[in-house]
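Novice: What follows is a predicted structure for the sequence shown.
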Amino acid sequence: MVMVRRKVMITGMHMGTAMDNRALFQLMSWMSPSYPVGAYTYSHGIEYAVDAGLLSNVEDLISWIADILEHGSGKSDCILLAAAYRAALDGDAGTLRDVAETGHAFASTSEISLETTQQGRAFISVTSDVGPRSENLDALKTLWSGPIVHPVAIGIAAADYSLPLQETLTAYLHGFVSNLVSAAVRVVPLGQTDGQRAIASLADKTEPVIRSAMDATIDDLGSATLMVDWCSSLHETQYTRLFRS
């Protein structure tokens, strides 16, 4: 019976269970721009890409973010989130430590590391203040004193709240994509309608990323977005900056 319940939580609606309104409300709250994790202060290298002339219109933006989803942080964040979720659901603090340590080490540049660790810290702080204490986080902190990156923090919280994994991954990527589009709207600049066109165009790109992450482990981590990493590195010394990454 325990294994059946775990399978239902991981696959959510696809096992014939409806995601209840409270769970959906929780996910929407975590991924809302109003959730105080400071996501709006990061561009993931997009600010430098615009300055260098690599992004100048909505078509450029869609292609750029699609690569991040398929080959960069979109993919790796989902793998880390899913791995943390499964370990937390099993109460496996040792595996959680491995996931947390790998997530921290995997950031390709100092600014991307700042982006994900600061958001992870803020997410844990706010979620702990407004919800019940997390036994998984308490157990993890006895084994790992380093920072917990944003997707790992969300994976642990989703398991604590018994939220289905697939829907959590979908909500995470929606928030991730929306934040990158919002940054581009401000610095390209693009109109708000073009921003929404970009988000709509990227919806289909998220599905294979989510499906792959459901069955992946941290051994499947990898990245091939060299231009994103290059832009992120050069952003550190960009003369004028609106964003922290």
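Specialist: Thanks, I have it. Numbering: from 1, shown residues only.
Novice: For residue 241, grab the count of nearby residues.
Specialist: 15 (other CB atoms under 10 Å). Quick note: C-beta positions are derived from backbone N, CA and C, even for glycine.
Novice: Skipping adjacent residues, who's closest to it in space?
Specialist: residue 47 (6.3 Å; CB to CB, 6 or more residues apart in numbering).
Novice: Touching whatever helix or strand that neighbour lives in from outside, list them.
Specialist: Using DSSP states H and E, residue 47 maps to helix 46-51. Helix 46-51 is contacted from outside by 55-56, 64, 180, 183-184, 187-188, 227-228, 231-232, 234-235, 238, 241-243, 245, using CB atoms under 8 Å, 6 or more residues apart in numbering.
Novice: quick one, helices of the chain?
Specialist: 2-11, 21-31, 46-51, 58-71, 73-90, 93-106, 110-130, 135-143, 150-160, 165-187, 192-215, 226-235 (DSSP state H).
Novice: List just the one of those helices that sits closest to residue 39.
Specialist: helix 165-187 (4.7 Å; CB to CB).
Novice: I'd like to know which elements that closest one is packed against.
Specialist: helix 2-11, helix 21-31, helix 46-51, helix 58-71, helix 73-90, helix 150-160, helix 192-215 (3 or more CB pairs under 8 Å, 6 or more residues apart in numbering; DSSP states H and E).
Novice: So which residues make contact with the longest one?
Specialist: For helix 192-215, the surrounding residues in contact (CB under 8 Å, 6+ apart) are 10-11, 58, 61-62, 65-66, 69-70, 74-75, 78-79, 81-82, 165-166, 169-170, 173-174, 177-178, 181-182, 184-185, 190, 220.
Novice: Can I get the buried part of the residues you listed as one ChimeraX selection?
Specialist: This is how ChimeraX selects the buried members of those, with burial counted by 16 or more other CB atoms under 10 Å:
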select :10,11,58,61,62,65,66,69,70,74,75,78,79,81,82,165,166,169,170,173,174,177,178,181,182,184,185,190
